[in-house]
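**Q** build me a structure from this.
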Amino acid sequence: DELPFRPMRSPSRLPIFPLPLVLLPRTVQSLHIFEPRYRQLLADALAGTQEFGIVCRTPDVAERDIPPGTVGCVARIDSAQSLPDGRSNIFVVGTSRFALAGFVDAPEPYHVAEVTPFEDEPAREEDMAPIAARLRELFIRVGNASRAIQDNETPLPVLPDDAPGLSFAIAGHLDLELADKQRLLSTRSPLERLHQLESALAPFVETIEQRLQVHTRARTNGHGAHG
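**A** Numbering: from 1, shown residues only. Reported below is the predicted structural model:
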């Protein structure tokens, strides 16, 4: 089913979980919670809004030194499994984006920040539709070839119908560099995101479909039936 999406309406305070990853809207992320401060964050979120913010932090930047303006994503808790020793495994879904205004002093043991909504610029559907259709086709071709090579019969994920959501959903299934994911997250133009993803996927299609041909020939020993 298509993942939910709820835009952030106004500036607000949000618990922040700095992590070396980029959460994108309409994508699912698994997290292992073990630090005491983030156990508390999880407990508070489960007792309240079910949400917190994820901001990408690289190892060379201290948590409180993440610069204002950095774009993050609201994580909505989809499921949580508590372990006997107090740790937890959770799944979150990315919903709306926000820009970090700044960390605030708060009594909680985890980080809390002022955040502001970060929305897409308006874009015309007729401008996005052609490239969205091409990107969807590329994703299906790559996904089908990849699954066939792995003898994986799992169906491809259901993709959103709207072009802005499509860009994030497809990006969430690609093995992109952290900087590339952050750039996509920070892009206000859905058309630009679609172009970025088409540039990333297009060169890969021919390679993986050639690999599938080799895989198919190997399975049939070059003939029409399994050997």
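**Q** kindly format the C-alpha coordinates of the lengthiest strand in the chain as PDB.
**A** If you go by DSSP state E, the chain has its longest strand at strand 88-104. Extracted in PDB, the C-alpha atoms of strand 88-104 (Å, rounded to 0.1, in the frame of the first residue of the first chain):
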ATOM      1  CA  SER A  88      14.300  -1.900  20.900                       C
ATOM      2  CA  ASN A  89      14.000  -2.600  17.200                       C
ATOM      3  CA  ILE A  90      11.600  -0.300  15.400                       C
ATOM      4  CA  PHE A  91      10.400   0.600  11.900                       C
ATOM      5  CA  VAL A  92       9.700   4.200  11.000                       C
ATOM      6  CA  VAL A  93       8.100   5.800   8.000                       C
ATOM      7  CA  GLY A  94       9.300   9.100   6.600                       C
ATOM      8  CA  THR A  95       6.500  11.700   6.400                       C
ATOM      9  CA  SER A  96       7.300  15.400   6.100                       C
ATOM     10  CA  ARG A  97      10.500  17.300   5.700                       C
ATOM     11  CA  PHE A  98      11.700  20.100   8.000                       C
ATOM     12  CA  ALA A  99      14.600  22.500   8.200                       C
ATOM     13  CA  LEU A 100      16.600  22.600  11.400                       C
ATOM     14  CA  ALA A 101      16.300  26.100  12.900                       C
ATOM     15  CA  GLY A 102      18.500  25.300  15.900                       C
ATOM     16  CA  PHE A 103      18.800  23.100  19.000                       C
ATOM     17  CA  VAL A 104      17.100  24.300  22.200                       C
END
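**Q** can you give me the mean pLDDT across the next helix or strand after it?
**A** Per DSSP states H and E, the first helix or strand lying C-terminal to strand 88-104 is strand 111-117. The average pLDDT for strand 111-117 rounds to 96.
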